[in-house]
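Undergrad: quick one, structure for this:
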Amino acid sequence: MTVEFVCEQCEKDNLTNLLAETIVIKCSHCDHETKKTLTKSMQAGGKLDRCVLCDKIRFYVQKDFNPRLGIIIFAIGVLFSYHTYFVSLFVATLIDFILYQVLKTVTICYHCRAVYREFEEDPTHRGFDHNLALSLVEKEEKEKQVLTA
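TA: Residues are numbered from 1 along each chain as shown. As a prediction, this is how the structure comes out:
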C-alpha cells in the first residue's frame with residue numbers, strides 16, 4: 001500500500017509505503033517529516049477511510065493512467081484517420097478500451113490530492129464530482145474567513 005503526495009514544504013512529489021501502524025512520512029527532497037497513524041481498516045490492508053496526510057474523509061476513484069497520454073493516443077488516431085480510412089480511430093479506441101480493462105484503480109483525496117494505491121476499493125467512493133469538489137473548496141474558504149475574522 002502506497003501514497004503519492006506533494007510535500008507541504010517544498011511542493012515536490014513523493015511516494016511512501018504505508019506498512020506500519022504508525023508511519024513517518026518523510027519528503028525525499030527536503031527531509032520534512034510528519035508522524036501519522038493509520039486507521040484500523042487501513043492497517044488490515046482494507047478500505048481507505050481517512051486520508052493519512054490531511055485526515056479528511058472525501059475520496060474519488062479513477063484509473064491509474066495519465067489522461068494526457070490518453071488524449072495523445074486519440075489525437076494520433078484522429079490525425080491519421082483520413083489516410084487510414086478511419087481505421088486509426090478504431091485502433092485508438094481499442095487501445096483505450098484495453099488500457100481501461102487492464103489498469104488498476106487508485107483512490108484520491110479531494111482535499112490534498114494524495115493518490116492511494118493497493119487499497120481495497122470502497123464502493124462508496126465514486127468518480128470525481130465537480131460539484132462536491134467545489135462545495136468542499138467553498139466550505140474551506142468559509143472556515144478560513146471565520147478563523148481570520
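Undergrad: in the protein, which spans are helices?
TA: With DSSP state H as the criterion, the chain has helices at 40-43, 67-79, 87-102, 130-148.
Undergrad: convert stretch 74-87 to CSV, retaining C-alpha atoms only.
TA: This file holds the C-alpha atoms of stretch 74-87, laid out as CSV (Å, rounded to 0.1, in the frame of the first residue of the first chain):
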residue,chain,number,x,y,z
PHE,A,74,-6.7,9.6,-29.5
ALA,A,75,-5.2,12.6,-31.2
ILE,A,76,-2.8,10.4,-33.2
GLY,A,77,-5.8,8.3,-34.2
VAL,A,78,-7.7,11.4,-35.4
LEU,A,79,-4.6,12.7,-37.2
PHE,A,80,-4.2,9.6,-39.3
SER,A,81,-7.9,8.9,-39.7
TYR,A,82,-8.2,10.5,-43.1
HIS,A,83,-5.3,8.5,-44.5
THR,A,84,-6.3,5.2,-42.9
TYR,A,85,-10.0,5.5,-43.8
PHE,A,86,-10.8,5.9,-40.1
VAL,A,87,-9.2,2.6,-39.1
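Undergrad: report the contact partners of Phe128.
TA: Contacts for Phe128 (C-beta atoms under 8 Å, 6 or more residues apart in numbering) come out as 60, 62, 108. (Each C-beta comes from the backbone N, C-alpha and C, glycine too.)
Undergrad: tell me the pLDDT of Val24.
TA: On pLDDT, Val24 comes in at 84.
Undergrad: for it, give the beta-bridge partners.
TA: Judged by DSSP bridges, the bridge partners of Val24 are Lys35.
Undergrad: how many residues are close by it?
TA: For Val24, the count of nearby residues is 10 (other C-beta atoms under 10 Å).
Undergrad: and Leu103, how many neighbours does it have?
TA: Neighbour tally, Leu103, other C-beta under 10 Å: 12.
Undergrad: again but with Gln145, I slipped
TA: Gln145 has 9 neighbouring residues, counting by other C-beta under 10 Å.
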